[in-house]
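J.: Quick one: sequence plus predicted model below, questions after.
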Amino acid sequence: MLVFIDESGDPGMKGRPGSSELFAVTGVLFEENEEAAACEEKIKQCRRALGLHPNFEFHFYSCSDKFRGSFLSAVSQAGFFYHTVVLNKSKLWGKGFQEKDSFYKYTTSLVFENAKPNLRNATVVIDRCGNREFRQQLAKYLKRKMNEGDRTLIKSVKMEPAHSNSLLQLADMVCGAVTRSFNLSKDDRMKFRGLIKHRELRVQVWPK
């Protein structure tokens, strides 16, 4: 099993300059490596169909609506499922949420708690951007939290750059589509999430 993790928004608290209203983390799950490889091929075909460079990086918030729609349509029949946790910053309180690392760690842990029934001997891949020491701590934390007794839910955690990993880009695009669906100022806010809704296991908004 493979799990790809990416986020949307920033883990800074609402009210600070440039801070987003929401922070979301998505885990994209593939039960078999072959399904992941097939999805990666669909993304390659999407790049070719759009006339893009083979190394073009799909990033939801920098892509046009045309690219977003083409990408999510291309992967919509691939064999993945996803969990997303969306934190509503306006309802959060407590010192722990003032620290970006703790904020990210907490949100990611919620994703894995929700995905627990779906996990088995998983290799987890997380975007390598940011503080290396923190990412290493996060990897140890997730393995310790998820692996109980004789059950190995997470086999290993890897850090890879999103620009060279199409399936991390998939997690980014899915997370961006889900986050946009909560933007009440957009008349078409459900447009992109709707393309992949059948792949959705759970989207949790916290706090309510």
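T.: Here it is on my side, so go on.

J.: contacting residues around residue 167?
T.: Residues near residue 167 by C-beta atoms under 8 Å, 6 or more residues apart in numbering: 2, 4, 28, 30, 36, 39-40, 43, 125. To be clear about C-beta, it is placed using only N, CA and C from the backbone, and glycine gets the same treatment.

J.: Just the buried residues out of these, in PyMOL syntax.
T.: A single PyMOL command is used to select the members of these judged buried by 16 or more other C-beta atoms under 10 Å:
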select buried, resi 2+4+28+30+36+39+40+43+125
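
J.: and which of the contacts of residue 167 is nearest to residue 161?
T.: Proximity of these to residue 161 (C-beta to C-beta) peaks at residue 125, which lies at 10.6 Å.

J.: for whatever helix or strand that closest one lives in, packing partners?
T.: For residue 125, the host element (DSSP states H and E) is strand 122-127. Identification of packing neighbours for strand 122-127 by 3 or more C-beta pairs under 8 Å, 6 or more residues apart in numbering; DSSP states H and E yields strand 2-8, helix 132-146, strand 154-160, helix 166-180.

J.: what are the pairing partners of the helix or strand following the first one, and which direction each?
T.: Spelled out, it's strand 2-8. Next helix or strand after strand 2-8 toward the C-terminus (DSSP H and E): strand 22-30. When pairs are called by DSSP bridges, strand 22-30 turns out to pair with strand 2-8 (antiparallel), strand 81-88 (antiparallel).

J.: buried set for the worst-scoring helix or strand of the chain on mean pLDDT?
T.: When each helix and strand of the chain is scored by mean pLDDT, DSSP states H and E, helix 132-146 comes last, with a mean of 88. For helix 132-146, burial by neighbour count (16+ other C-beta under 10 Å) applies to 135, 138-139, 142-143, 146.
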